[in-house]
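[1] Turn this into a structure:
(one chain, ligands or ions: 2)
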Amino acid sequence: MNRPFTFINSAMSADGKISTRERKQVRISGDIDFDRMDELRASSDAIMVGVGTVLADDPSLTVKSQSRRDVRKSAGFDEDPVRIVVDSKARTPLDADIFKKGTGMRIVAISSSAPKGKVDALSEKATIITAGDEKVDLALLMGQLSSMGIQRLMVEGGATLNWGLLSNGLVDEVFSFIGNIFIGGNSSPTLVDGEGFLKGDLLPLELISSETMEEGVLLKWKVLNK
Ligand SMILES: NC(=O)C1=CN([C@@H]2O[C@H](COP(=O)(O)OP(=O)(O)OC[C@H]3O[C@@H](n4cnc5c(N)ncnc54)[C@H](O)[C@@H]3O)[C@@H](O)[C@H]2O)C=CC1
Ligand SMILES: Nc1nc(O)c(N)c(N[C@@H]2O[C@H](COP(=O)(O)O)[C@@H](O)[C@H]2O)n1
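    Ligands and ions are numbered 1, 2, ... in the order given. Predicted coordinates:
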């Protein structure tokens, strides 16, 4: 099956949490890391998040640097990459920032169980892709994105989507910034939530690079999919 080259970018606390137990976005990394994230966005064909992240953080997922926007435009691309929400039940708010801010194509990926009225309303703002019955079939979705010409896909979480992609063997690399705070809490989301892998079936990684950045560490991992 064809699929885009896919990487996750995430920031987590020293204890592996990506936000607090009330799912409120916290600033884990600093300006240098956000600028690195912006560069990754600008170099990608598309950026994907789960609807949990849209509901919690309402990100715009736009490229922030004007010079990077100009480079994309002069190369014939939209200034912002395609922005994709994985949203089985079509819960994305119609006034979400991904619709209000930036330029270019937005995609909401739904399952066939999503309520029709809401899907119709979302279709005025985004291209709708239906994949799967109860929840989005991520492998099917990746094939469809590939056939639309999306070759390089950046995933910005959250915890549930990261698990869905990693457990289906759909991720090639992971950038993980580890910041100098503890968040704690057994219900705070981690980099990878979901059911988790079993002892005999863990997902191995190869460390590509590690560097100190501001008050934390940036790790780059290659995922050794079977
Ligand atoms: N520190 C960081 O780098 C980041 C932190 N976050 C945090 O993550 C939290 C949100 O994470 P979650 O609640 O886990 O939501 P999520 O963003 O992972 O979205 C989960 C949703 O994705 C949809 N989905 C559809 N099909 C799926 C499938 N096959 N597999 C997996 N998901 C599927 C479902 O509708 C599900 O409810 C927020 O607290 C946010 O602040 C989010 C992004 C980056
Ligand atoms: N890389 C990173 N570091 C942090 O410290 C964070 N809190 C996050 N959160 C995510 O950053 C994105 C912000 O997007 P916009 O600025 O609205 O475009 C969003 O995906 C947050 O979940 N990331």
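
[2] which residues does the residue lying closest to L161 once chain neighbours are set aside contact?
    Excluding the flanking residues, the one nearest L161 by Cβ to Cβ, 6 or more residues apart in numbering is G50, at 3.4 Å. The C-beta positions use only the backbone N, C-alpha and C, and glycine is treated the same way. Residues near G50 by Cβ atoms under 8 Å, 6 or more residues apart in numbering: 85-87, 157-158, 160-161, 164.

[3] swap in F7?
    40, 153-155, 171-175.

[4] did I read that right, it in a helix?
    No: the assignment for F7, made by DSSP: H, G, I helix; E, B strand; the rest coil, is strand rather than a helix.

[5] which SS state does the residue of the chain positioned farthest from its centre fall under?
    For the chain, the residue at maximal distance from the C-alpha centroid (Cα atoms, centre = their mean) is G200, at 27.5 Å. Counting by three-state DSSP, the backbone at G200 sits in helix.

[6] same deal with the one 10 residues further on?
    Put simply, S210 is strand when judged by three-state DSSP.

[7] nearest spatial neighbour of it, skipping sequence neighbours?
    Nearest non-adjacent residue to S210 (Cβ to Cβ, 6+ apart): L219, at 5.2 Å.

[8] and for the host helix or strand of the one you found, what are the contacting residues?
    Element membership of L219 [criterion: DSSP states H and E] is strand 216-223. For strand 216-223, the external contacting residues (Cβ under 8 Å, 6+ apart) are 28-29, 33, 36, 166, 171-180, 203, 205-212.

[9] near ligand 2 too, which of those residues?
    For ligand 2, the contacts drawn from the contacts of strand 216-223 by Cβ under 6 Å from any ligand atom are 28-29, 33.

[10] From these, pick out the ones that also neighbour ligand 1.
    Restricting those to those near ligand 1 - Cβ under 6 Å from any ligand atom - leaves I28.

[11] a markdown table for the ones next to ligand 2 among the contacts of strand 216-223, including secondary structure and neighbour count?
    Listed next are those as a markdown table, based on DSSP: H, G, I helix; E, B strand; the rest coil; neighbours: other Cβ atoms under 10 Å:
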| residue | secondary structure | neighbour count |
| --- | --- | --- |
| I28 | coil | 21 |
| S29 | coil | 21 |
| D33 | helix | 20 |
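
[12] just to revisit the earlier point, quick one: the strand holding L219 near ligand 1?
    No: interface with ligand 1: strand 216-223 contributes nothing (Cβ under 6 Å from any ligand atom), its closest point being 11.9 Å away.
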